[in-house]
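Peer 1: Could you look at this predicted model? Sequence included:
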Amino acid sequence: MASLRRATNVAETNRERRYVIDPRETLAVEKELSGQGHEILGFYHSHPNHPAVPSEFDRSHAWPWYSYVILSIVDRTPAELRAWVLDGDKATFSPDSLSIE
């Protein structure tokens with residue numbers, strides 16, 4: 001069974017267009033979930049008035065082993081939902097499969 005959890009945005013600037021998750025928060029959640037036999041699969045965020053494609057900021061803050069789900073919101077209306085995975089050398093994202101049940 002999958003679940004979602006909201007993370008705290010610790011970005012120091014441009015918070016309405018950037019998100020940064022404190023690695024200590026991620027580690028604490030990983031420890032909690034591993035005790036329950038679960039794991040973090042990925043992260044999600046929105047791109048207001050921008051395509052559901054990872055930005056350079058997204059790439060520079062991403063880890064290769066997670067899926068990144070991005071929701072494009074155009075004029076306050078959800079538009080496109082896509083998932084991405086970062087390659088092992090952290091150079092580029094590739095589309096990831098996304099299934100909503």
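Peer 2: Done, it's in.

Peer 1: what about the spatially most central residue of the chain, which helix or strand?
Peer 2: Using Cα atoms, centre = their mean, the residue of the chain that lies closest to the mean C-alpha position is Phe43, 2.9 Å off. Assigned by DSSP states H and E, Phe43 belongs to strand 42-48.

Peer 1: other SSEs contacting that strand?
Peer 2: For strand 42-48, the contact count by 3 or more Cβ pairs under 8 Å, 6 or more residues apart in numbering; DSSP states H and E identifies strand 67-74 as packing neighbours. C-beta: built from backbone N, CA, C; applies to glycine.

Peer 1: Just the residues contacting the strand it packs on, thanks.
Peer 2: The set of residues external to strand 67-74 that reach it, using Cβ atoms under 8 Å, 6 or more residues apart in numbering, is 41-54, 58, 62, 78-86, 93, 96, 98.

Peer 1: cool, and stretch 4-23?
Peer 2: 25-26, 29, 43-45, 48, 57, 61.

Peer 1: Likewise for stretch 48-56?
Peer 2: 16-17, 47, 62, 68, 70-75, 79-82, 84, 86, 93.

Peer 1: If we use 6 Å, what do you get?
Peer 2: 70, 72-74, 80, 82, 84, 93 (Cβ atoms under 6 Å, 6 or more residues apart in numbering).

Peer 1: and those residues, which are buried?
Peer 2: 70, 72, 82, 84, 93 (16 or more other Cβ atoms under 10 Å).

Peer 1: Next, format the residues you listed as CSV and append pLDDT.
Peer 2: Shown next, in CSV, are these (pLDDT from 0 to 100):
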residue, pLDDT
Ile70, 97
Ser72, 97
Arg82, 97
Trp84, 97
Phe93, 95
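
Peer 1: Tell me which two of those residues sit farthest apart.
Peer 2: Ser72 and Phe93 (14.8 Å; Cβ to Cβ).

Peer 1: about what we covered before: the contacts of stretch 48-56: which two are farthest apart?
Peer 2: Farthest pair in the contacts of stretch 48-56, by Cβ to Cβ: Val74 and Phe93, 20.8 Å.
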